[in-house]
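J.: Following is a predicted model, sequence given first.
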Amino acid sequence: MTITAIKNIGTLVSGEIKKGTLDADTIICEDGVISKIGKEINVGDASILIDARHTTVIPGLIDSHCHTVLGDYTPRQKQVDFLDSYVHGGITSVVTASEGVHAPGLPHDPIAVKALAIATLKCFQNFRPNGMKVNGGSVKLEPGLTETDFGEMAKCGVRYAKFGFGGYSEPKEGQQDVRMAQTHGMLVMAHSGGASIPGSSPISHEVLIHLKVDVCGHVNGGTTSLDDDGLELIIKDTDMALQLVQAGNLRSALHILRLAKKYDALHRVCIGSDTPTGTGVMPLGVMKSVCELCSLGDLQPEIGIALATGNNAKIFRLAVGTIQEGKPADLVICDAPAGSVANNAVEAIRRGDIPGISIVLIDGHIQVKRSRNSPVANRLASVTSR
(Lines give C-alpha, C1' and ligand atoms only; values in the text may rest on other atoms or scores of the structure.)
Protein backbone atom coordinates (compact mmCIF):
# COMPACT_ATOMS: atom_id res chain seq x y z
CA MET A 1 0.00 0.00 0.00
CA THR A 2 1.29 3.45 -0.96
CA ILE A 3 0.74 6.03 1.77
CA THR A 4 1.33 9.75 1.22
CA ALA A 5 0.94 12.24 4.06
CA ILE A 6 0.74 16.02 3.95
CA LYS A 7 1.41 17.78 7.24
CA ASN A 8 1.68 21.40 8.44
CA ILE A 9 -1.12 22.64 6.17
CA GLY A 10 -1.83 26.30 6.86
CA THR A 11 -5.19 26.62 5.05
CA LEU A 12 -7.20 23.70 3.68
CA VAL A 13 -9.85 24.67 1.10
CA SER A 14 -12.63 22.11 0.78
CA GLY A 15 -13.84 22.83 -2.77
CA GLU A 16 -17.41 23.14 -1.50
CA ILE A 17 -19.23 26.47 -1.38
CA LYS A 18 -21.03 25.71 1.88
CA LYS A 19 -17.98 24.34 3.73
CA GLY A 20 -15.34 26.82 2.59
CA THR A 21 -12.21 25.88 4.53
CA LEU A 22 -11.64 22.85 6.74
CA ASP A 23 -10.27 22.92 10.28
CA ALA A 24 -7.42 20.53 9.62
CA ASP A 25 -3.67 20.55 9.07
CA THR A 26 -2.99 16.98 7.92
CA ILE A 27 -4.13 14.75 5.05
CA ILE A 28 -3.36 11.04 4.72
CA CYS A 29 -3.72 9.40 1.28
CA GLU A 30 -3.74 5.63 0.83
CA ASP A 31 -3.53 4.10 -2.65
CA GLY A 32 -4.58 7.35 -4.28
CA VAL A 33 -7.57 8.04 -2.03
CA ILE A 34 -7.88 10.47 0.89
CA SER A 35 -8.22 8.28 3.97
CA LYS A 36 -7.90 10.78 6.84
CA ILE A 37 -8.25 14.52 7.33
CA GLY A 38 -7.63 16.12 10.70
CA LYS A 39 -5.40 18.03 13.06
CA GLU A 40 -1.97 16.76 14.10
CA ILE A 41 -2.68 13.25 12.86
CA ASN A 42 0.10 10.73 13.35
CA VAL A 43 1.54 10.21 9.87
CA GLY A 44 2.69 6.74 10.90
CA ASP A 45 4.19 4.66 8.13
CA ALA A 46 3.75 7.14 5.30
CA SER A 47 6.23 6.34 2.56
CA ILE A 48 6.01 9.89 1.16
CA LEU A 49 5.89 12.76 3.66
CA ILE A 50 5.11 16.24 2.38
CA ASP A 51 5.68 19.23 4.63
CA ALA A 52 3.35 21.96 3.36
CA ARG A 53 5.20 24.51 5.52
CA HIS A 54 1.94 26.17 6.62
CA THR A 55 0.89 26.94 3.03
CA THR A 56 -2.45 26.31 1.32
CA VAL A 57 -3.90 23.06 -0.04
CA ILE A 58 -6.78 23.15 -2.51
CA PRO A 59 -8.49 20.47 -4.62
CA GLY A 60 -7.02 19.93 -8.07
CA LEU A 61 -8.60 22.42 -10.45
CA ILE A 62 -11.03 21.18 -13.11
CA ASP A 63 -11.10 22.80 -16.54
CA SER A 64 -14.68 22.18 -17.62
CA HIS A 65 -14.20 23.57 -21.13
CA CYS A 66 -11.02 22.25 -22.70
CA HIS A 67 -10.62 21.78 -26.45
CA THR A 68 -8.98 18.39 -26.61
CA VAL A 69 -8.98 16.44 -29.87
CA LEU A 70 -6.82 13.32 -29.68
CA GLY A 71 -3.72 12.86 -27.59
CA ASP A 72 -1.79 15.73 -26.03
CA TYR A 73 -1.87 17.89 -29.15
CA THR A 74 -3.93 20.90 -30.20
CA PRO A 75 -4.47 21.32 -33.97
CA ARG A 76 -5.78 24.88 -33.45
CA GLN A 77 -2.47 26.02 -31.95
CA LYS A 78 -0.22 23.31 -33.44
CA GLN A 79 1.24 22.62 -30.02
CA VAL A 80 2.13 19.36 -28.28
CA ASP A 81 2.09 18.56 -24.55
CA PHE A 82 -0.38 21.31 -23.67
CA LEU A 83 -2.27 19.04 -21.25
CA ASP A 84 0.97 18.11 -19.49
CA SER A 85 1.59 21.84 -19.16
CA TYR A 86 -1.91 22.46 -17.76
CA VAL A 87 -1.09 20.18 -14.81
CA HIS A 88 1.62 22.73 -13.96
CA GLY A 89 -1.24 25.23 -13.75
CA GLY A 90 -2.92 23.19 -11.03
CA ILE A 91 -5.42 21.55 -13.41
CA THR A 92 -5.77 17.85 -12.61
CA SER A 93 -8.91 17.11 -14.65
CA VAL A 94 -10.38 18.48 -17.87
CA VAL A 95 -13.76 18.00 -19.54
CA THR A 96 -13.77 18.00 -23.32
CA ALA A 97 -15.79 20.62 -25.17
CA SER A 98 -16.29 17.99 -27.91
CA GLU A 99 -13.37 16.73 -29.91
CA GLY A 100 -15.39 17.19 -33.10
CA VAL A 101 -15.34 20.97 -32.74
CA HIS A 102 -11.58 21.27 -33.31
CA ALA A 103 -10.98 18.11 -35.32
CA PRO A 104 -9.31 19.05 -38.63
CA GLY A 105 -11.99 19.11 -41.32
CA LEU A 106 -14.84 19.71 -38.82
CA PRO A 107 -16.84 16.60 -39.84
CA HIS A 108 -20.63 16.94 -39.93
CA ASP A 109 -21.41 13.33 -40.88
CA PRO A 110 -23.41 11.66 -38.05
CA ILE A 111 -21.33 8.49 -38.40
CA ALA A 112 -18.10 10.48 -38.15
CA VAL A 113 -19.04 12.43 -35.00
CA LYS A 114 -20.34 9.28 -33.33
CA ALA A 115 -17.17 7.37 -34.15
CA LEU A 116 -14.96 10.26 -33.03
CA ALA A 117 -16.73 10.53 -29.66
CA ILE A 118 -16.39 6.79 -28.96
CA ALA A 119 -12.79 6.60 -30.16
CA THR A 120 -11.54 9.57 -28.14
CA LEU A 121 -13.40 8.36 -25.05
CA LYS A 122 -11.61 5.01 -25.26
CA CYS A 123 -8.23 6.59 -26.01
CA PHE A 124 -8.33 8.97 -23.06
CA GLN A 125 -9.33 6.16 -20.72
CA ASN A 126 -5.85 4.76 -21.34
CA PHE A 127 -3.91 8.01 -21.75
CA ARG A 128 -3.27 10.41 -18.88
CA PRO A 129 -0.75 13.12 -19.76
CA ASN A 130 1.28 13.90 -16.63
CA GLY A 131 -1.41 12.01 -14.68
CA MET A 132 -4.23 14.30 -15.82
CA LYS A 133 -7.76 12.87 -15.94
CA VAL A 134 -9.14 13.71 -19.38
CA ASN A 135 -12.91 13.27 -19.52
CA GLY A 136 -13.02 12.82 -23.27
CA GLY A 137 -15.64 11.63 -25.71
CA SER A 138 -18.26 14.36 -26.24
CA VAL A 139 -20.37 13.99 -29.37
CA LYS A 140 -20.93 17.08 -31.52
CA LEU A 141 -24.66 17.09 -32.18
CA GLU A 142 -25.51 16.87 -35.86
CA PRO A 143 -28.72 16.46 -37.89
CA GLY A 144 -29.24 12.79 -38.72
CA LEU A 145 -28.15 11.27 -35.41
CA THR A 146 -30.74 8.68 -34.39
CA GLU A 147 -32.00 7.07 -31.19
CA THR A 148 -29.95 4.02 -32.15
CA ASP A 149 -26.82 6.19 -32.45
CA PHE A 150 -27.35 7.75 -29.03
CA GLY A 151 -28.04 4.35 -27.51
CA GLU A 152 -24.84 2.93 -28.98
CA MET A 153 -22.78 5.87 -27.73
CA ALA A 154 -24.29 5.65 -24.26
CA LYS A 155 -23.60 1.92 -24.14
CA CYS A 156 -19.95 2.67 -24.97
CA GLY A 157 -19.76 5.19 -22.11
CA VAL A 158 -20.17 8.54 -23.89
CA ARG A 159 -21.48 10.94 -21.23
CA TYR A 160 -21.31 14.35 -22.89
CA ALA A 161 -22.71 16.12 -25.95
CA LYS A 162 -21.99 19.54 -27.42
CA PHE A 163 -24.44 21.73 -29.32
CA GLY A 164 -23.52 24.72 -31.45
CA PHE A 165 -21.36 23.69 -34.39
CA GLY A 166 -23.63 21.21 -36.14
CA GLY A 167 -25.07 21.56 -39.61
CA TYR A 168 -28.47 22.90 -38.54
CA SER A 169 -29.95 25.56 -40.81
CA GLU A 170 -31.42 27.21 -37.69
CA PRO A 171 -30.12 26.51 -34.16
CA LYS A 172 -33.58 25.90 -32.64
CA GLU A 173 -33.90 22.87 -34.92
CA GLY A 174 -31.48 21.04 -32.66
CA GLN A 175 -33.96 20.65 -29.80
CA GLN A 176 -34.88 17.06 -30.71
CA ASP A 177 -31.23 15.97 -30.72
CA VAL A 178 -30.63 17.71 -27.39
CA ARG A 179 -33.55 15.76 -25.91
CA MET A 180 -32.35 12.44 -27.34
CA ALA A 181 -28.91 12.98 -25.85
CA GLN A 182 -30.38 13.86 -22.46
CA THR A 183 -32.75 10.88 -22.59
CA HIS A 184 -29.71 8.63 -23.00
CA GLY A 185 -28.04 10.12 -19.93
CA MET A 186 -25.73 12.58 -21.66
CA LEU A 187 -25.04 16.02 -20.23
CA VAL A 188 -25.48 18.59 -23.00
CA MET A 189 -23.38 21.75 -23.12
CA ALA A 190 -24.22 24.44 -25.67
CA HIS A 191 -22.10 27.12 -27.25
CA SER A 192 -23.33 30.52 -26.00
CA GLY A 193 -22.91 33.90 -27.64
CA GLY A 194 -21.40 34.93 -30.97
CA ALA A 195 -20.02 32.60 -33.61
CA SER A 196 -16.43 31.57 -32.91
CA ILE A 197 -15.70 29.35 -35.92
CA PRO A 198 -16.39 30.30 -39.57
CA GLY A 199 -19.64 28.73 -40.69
CA SER A 200 -21.12 28.39 -37.21
CA SER A 201 -24.10 30.38 -35.89
CA PRO A 202 -24.45 32.67 -32.88
CA ILE A 203 -26.44 31.12 -30.04
CA SER A 204 -28.71 33.66 -28.35
CA HIS A 205 -30.39 33.46 -24.97
CA GLU A 206 -33.70 32.70 -26.75
CA VAL A 207 -32.12 29.64 -28.38
CA LEU A 208 -30.60 28.43 -25.09
CA ILE A 209 -33.93 28.76 -23.28
CA HIS A 210 -35.68 26.96 -26.17
CA LEU A 211 -33.15 24.10 -26.20
CA LYS A 212 -33.05 23.69 -22.39
CA VAL A 213 -29.51 22.36 -22.38
CA ASP A 214 -27.77 21.38 -19.17
CA VAL A 215 -24.84 23.80 -19.37
CA CYS A 216 -24.61 27.20 -21.03
CA GLY A 217 -21.03 26.83 -22.22
CA HIS A 218 -18.88 29.97 -21.92
CA VAL A 219 -22.01 31.94 -21.03
CA ASN A 220 -19.77 35.02 -20.68
CA GLY A 221 -18.80 34.65 -24.32
CA GLY A 222 -16.50 32.51 -26.35
CA THR A 223 -15.47 35.24 -27.00
CA THR A 224 -18.54 37.38 -27.78
CA SER A 225 -21.01 37.55 -24.90
CA LEU A 226 -24.78 37.39 -24.72
CA ASP A 227 -26.67 40.60 -23.99
CA ASP A 228 -27.17 41.59 -20.35
CA ASP A 229 -30.98 41.29 -20.31
CA GLY A 230 -30.80 37.84 -21.89
CA LEU A 231 -28.30 36.71 -19.29
CA GLU A 232 -30.64 37.81 -16.51
CA LEU A 233 -33.48 35.78 -18.02
CA ILE A 234 -31.28 32.66 -18.17
CA ILE A 235 -30.22 33.06 -14.55
CA LYS A 236 -33.63 34.06 -13.20
CA ASP A 237 -35.93 31.77 -15.20
CA THR A 238 -33.94 28.56 -15.81
CA ASP A 239 -31.81 26.10 -13.87
CA MET A 240 -29.11 25.70 -16.54
CA ALA A 241 -25.51 25.70 -15.35
CA LEU A 242 -23.53 28.88 -16.04
CA GLN A 243 -19.99 28.34 -17.26
CA LEU A 244 -17.55 31.25 -17.03
CA VAL A 245 -14.36 30.99 -19.06
CA GLN A 246 -11.03 32.74 -19.26
CA ALA A 247 -11.33 33.08 -23.04
CA GLY A 248 -14.59 34.99 -22.68
CA ASN A 249 -15.66 38.51 -21.81
CA LEU A 250 -14.49 39.56 -18.32
CA ARG A 251 -17.05 42.33 -17.99
CA SER A 252 -19.80 39.85 -18.78
CA ALA A 253 -18.36 37.32 -16.31
CA LEU A 254 -18.51 39.87 -13.50
CA HIS A 255 -22.08 40.81 -14.49
CA ILE A 256 -23.10 37.13 -14.42
CA LEU A 257 -21.46 36.73 -11.03
CA ARG A 258 -23.48 39.66 -9.64
CA LEU A 259 -26.71 38.18 -11.04
CA ALA A 260 -25.87 34.73 -9.67
CA LYS A 261 -25.50 36.26 -6.20
CA LYS A 262 -28.73 38.22 -6.62
CA TYR A 263 -30.73 35.11 -7.59
CA ASP A 264 -28.95 32.71 -5.21
CA ALA A 265 -27.50 30.78 -8.13
CA LEU A 266 -23.79 30.48 -7.26
CA HIS A 267 -24.23 26.70 -7.08
CA ARG A 268 -24.89 26.78 -10.86
CA VAL A 269 -21.69 28.69 -11.70
CA CYS A 270 -18.61 26.80 -12.86
CA ILE A 271 -15.28 27.74 -14.42
CA GLY A 272 -13.45 26.56 -17.53
CA SER A 273 -10.74 28.00 -19.71
CA ASP A 274 -12.23 27.51 -23.22
CA THR A 275 -8.69 26.91 -24.44
CA PRO A 276 -6.78 26.02 -26.55
CA THR A 277 -8.59 28.32 -28.97
CA GLY A 278 -7.76 31.54 -30.74
CA THR A 279 -6.99 32.86 -27.27
CA GLY A 280 -4.14 30.37 -27.14
CA VAL A 281 -2.84 27.73 -24.76
CA MET A 282 -3.28 28.86 -21.14
CA PRO A 283 -1.98 26.54 -18.40
CA LEU A 284 -2.97 29.11 -15.78
CA GLY A 285 -6.31 29.94 -17.40
CA VAL A 286 -8.53 28.44 -14.68
CA MET A 287 -6.50 29.88 -11.81
CA LYS A 288 -6.46 33.27 -13.54
CA SER A 289 -10.26 33.24 -13.76
CA VAL A 290 -10.52 32.38 -10.06
CA CYS A 291 -8.24 35.32 -9.21
CA GLU A 292 -10.16 37.74 -11.46
CA LEU A 293 -13.60 36.76 -10.14
CA CYS A 294 -12.45 36.99 -6.52
CA SER A 295 -10.45 40.22 -6.77
CA LEU A 296 -12.88 42.10 -9.04
CA GLY A 297 -16.18 40.41 -8.22
CA ASP A 298 -16.17 40.58 -4.42
CA LEU A 299 -16.08 36.79 -4.15
CA GLN A 300 -14.45 34.97 -1.25
CA PRO A 301 -11.42 32.97 -2.49
CA GLU A 302 -12.65 29.68 -1.04
CA ILE A 303 -15.89 30.14 -3.00
CA GLY A 304 -14.02 31.09 -6.16
CA ILE A 305 -11.97 27.91 -5.82
CA ALA A 306 -15.17 25.91 -5.34
CA LEU A 307 -16.51 27.22 -8.66
CA ALA A 308 -13.45 25.65 -10.33
CA THR A 309 -13.52 22.42 -8.33
CA GLY A 310 -16.59 21.16 -6.44
CA ASN A 311 -19.12 22.98 -8.63
CA ASN A 312 -17.50 21.61 -11.78
CA ALA A 313 -17.51 18.14 -10.27
CA LYS A 314 -21.19 18.28 -9.35
CA ILE A 315 -22.34 19.77 -12.66
CA PHE A 316 -20.23 17.47 -14.86
CA ARG A 317 -20.78 14.38 -12.69
CA LEU A 318 -17.17 13.79 -11.66
CA ALA A 319 -15.80 11.94 -8.64
CA VAL A 320 -13.09 14.55 -8.00
CA GLY A 321 -13.15 18.23 -7.00
CA THR A 322 -13.54 18.19 -3.23
CA ILE A 323 -11.29 17.34 -0.31
CA GLN A 324 -13.12 14.62 1.57
CA GLU A 325 -12.28 11.24 3.01
CA GLY A 326 -12.91 8.60 0.36
CA LYS A 327 -12.32 10.99 -2.55
CA PRO A 328 -9.41 10.78 -5.02
CA ALA A 329 -6.32 12.58 -3.71
CA ASP A 330 -6.08 15.23 -6.43
CA LEU A 331 -4.49 18.13 -4.59
CA VAL A 332 -2.56 21.35 -5.21
CA ILE A 333 -0.17 22.83 -2.64
CA CYS A 334 0.35 26.55 -3.21
CA ASP A 335 1.34 29.79 -1.54
CA ALA A 336 1.46 33.50 -2.20
CA PRO A 337 3.91 34.21 -5.02
CA ALA A 338 7.31 35.57 -4.13
CA GLY A 339 7.12 39.37 -4.03
CA SER A 340 3.40 39.53 -3.25
CA VAL A 341 2.22 41.49 -0.23
CA ALA A 342 -0.14 38.59 0.55
CA ASN A 343 0.75 36.18 3.35
CA ASN A 344 -0.74 33.06 1.74
CA ALA A 345 -2.45 31.78 -1.39
CA VAL A 346 -5.95 32.72 -0.21
CA GLU A 347 -4.91 36.33 0.38
CA ALA A 348 -3.10 36.36 -2.97
CA ILE A 349 -6.23 35.24 -4.81
CA ARG A 350 -8.28 37.85 -2.97
CA ARG A 351 -6.04 40.60 -4.36
CA GLY A 352 -5.69 39.07 -7.81
CA ASP A 353 -2.17 37.61 -7.54
CA ILE A 354 -1.83 34.16 -9.07
CA PRO A 355 -0.49 31.80 -6.37
CA GLY A 356 2.79 29.95 -6.75
CA ILE A 357 2.28 26.19 -7.09
CA SER A 358 4.85 24.02 -5.34
CA ILE A 359 3.32 20.53 -5.64
CA VAL A 360 0.50 18.92 -7.64
CA LEU A 361 -0.73 15.45 -6.68
CA ILE A 362 -3.05 13.26 -8.75
CA ASP A 363 -4.38 10.10 -7.09
CA GLY A 364 -1.87 10.71 -4.33
CA HIS A 365 1.14 10.69 -6.67
CA ILE A 366 3.33 13.77 -7.00
CA GLN A 367 3.14 14.88 -10.64
CA VAL A 368 4.62 18.37 -10.31
CA LYS A 369 7.29 19.77 -8.04
CA ARG A 370 7.60 23.53 -8.36
CA SER A 371 5.39 24.49 -11.29
CA ARG A 372 7.13 25.69 -14.42
CA ASN A 373 4.14 27.89 -15.26
CA SER A 374 3.02 29.58 -12.05
CA PRO A 375 5.02 32.25 -10.23
CA VAL A 376 7.48 30.89 -7.66
CA ALA A 377 5.76 30.14 -4.35
CA ASN A 378 7.02 32.19 -1.43
CA ARG A 379 7.26 28.98 0.63
CA LEU A 380 7.90 25.72 -1.18
CA ALA A 381 6.58 22.48 0.27
CA SER A 382 9.25 19.82 0.87
CA VAL A 383 9.12 16.07 0.19
CA THR A 384 10.75 13.26 2.14
CA SER A 385 10.72 9.63 0.99
CA ARG A 386 10.87 7.15 3.86
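T.: All right, it came through fine.

J.: Dihedrals phi and psi, residue 384?
T.: The phi/psi pair for residue 384 (degrees, to the nearest 10) reads phi -130, psi 130.

J.: bridging residues for it?
T.: residue 49 (DSSP bridges).

J.: Please apply the same query to residue 337.
T.: Beta-bridge partners of residue 337, as defined by DSSP bridges: residue 377.

J.: wait, it sits on residue 351?
T.: No. Counting by C-beta atoms under 8 Å, residue 337 stays clear of residue 351, with 11.0 Å between them. For the C-beta atoms, the positions are set from N, CA and C on the backbone; glycine is no exception.

J.: neighbour count winner among those two?
T.: residue 337 (19 against 14; other C-beta atoms under 10 Å).

J.: if I pick that one, what's in contact with it?
T.: 348, 353-356, 374-378 (C-beta atoms under 8 Å, 6 or more residues apart in numbering).

J.: Would you quantify the distance from the residue sitting nearest the centre point of the chain to residue 90?
T.: Nearest to the mean C-alpha position of the chain, counting by C-alpha atoms, centre = their mean, stands residue 63 at 2.1 Å. To residue 90, residue 63 is 10 Å away according to C-beta to C-beta, to the nearest Å.

J.: Repeat that for residue 171.
T.: In terms of C-beta to C-beta, residue 171 sits 35 Å off from residue 90.

J.: Ok, residue 342 next?
T.: From residue 342 to residue 90 the distance is 17 Å (C-beta to C-beta).

J.: which one of the two has more residues nearby?
T.: Per other C-beta under 10 Å, whichever of residue 342 and residue 90 has more neighbours is residue 90, with 30 against 19.

J.: My guess is the more buried one contacts residue 356. True?
T.: No. When contacts are counted by C-beta under 8 Å, residue 90 is not listed as touching residue 356 (10.4 Å).

J.: Name the residues contacting each of these two.
T.: In contact with both residue 90 and residue 356: 334, 371, 374, using C-beta under 8 Å, 6+ apart.

J.: Dump these to JSON lines, plus secondary structure.
T.: Listed next are the shared contacts of residue 90 and residue 356 as JSON lines, based on DSSP: H, G, I helix; E, B strand; the rest coil:
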{"residue": "334", "secondary structure": "strand"}
{"residue": "371", "secondary structure": "coil"}
{"residue": "374", "secondary structure": "coil"}
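
J.: Let me see the residues that make contact with stretch 168-183.
T.: Identification of contacts with stretch 168-183 by C-beta under 8 Å, 6+ apart yields 139, 141-143, 145, 147, 150, 161, 163-164, 166, 188, 190, 201, 203, 207, 210-214.

J.: follow-up on the earlier one: looking at the contacts of residue 337, state which has the most neighbours.
T.: residue 355 (33 neighbours).

J.: Could you check how far the residue nearest to the centre of the chain is from residue 379?
T.: Distance, residue 63 to residue 379, by C-beta to C-beta: 26 Å.

J.: what does residue 268 give?
T.: 35 Å.

J.: How many residues are close by residue 148?
T.: Look at residue 148: counted by other C-beta under 10 Å, it has 9 neighbours.

J.: where does it fall, helix, sheet strand or coil?
T.: helix.

J.: Tell me where this structure has helices.
T.: For the chain, helices defined by DSSP state H occupy the ranges 82-87, 99-102, 110-125, 147-156, 175-183, 205-211, 228-237, 250-262, 285-296, 301-307, 310-315, 345-350.

J.: so of the ones you listed, which one's packed in deepest?
T.: helix 301-307 (a mean of 28; mean count of other C-beta atoms under 10 Å).

J.: Who are the packing partners of that helix?
T.: Applying 3 or more C-beta pairs under 8 Å, 6 or more residues apart in numbering; DSSP states H and E, we find helix 301-307 packed against strand 11-13, strand 269-272, helix 285-296, helix 345-350.

J.: can you redo these as JSON lines with mean pLDDT and distance to residue 324?
T.: Formatted as JSON lines, the helices and strands packed on helix 301-307 follow (pLDDT from 0 to 100; distance: least, C-beta to C-beta, whole Å):
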{"stretch": "strand 11-13", "mean pLDDT": "98", "distance to residue 324": "11"}
{"stretch": "strand 269-272", "mean pLDDT": "98", "distance to residue 324": "19"}
{"stretch": "helix 285-296", "mean pLDDT": "98", "distance to residue 324": "20"}
{"stretch": "helix 345-350", "mean pLDDT": "98", "distance to residue 324": "19"}
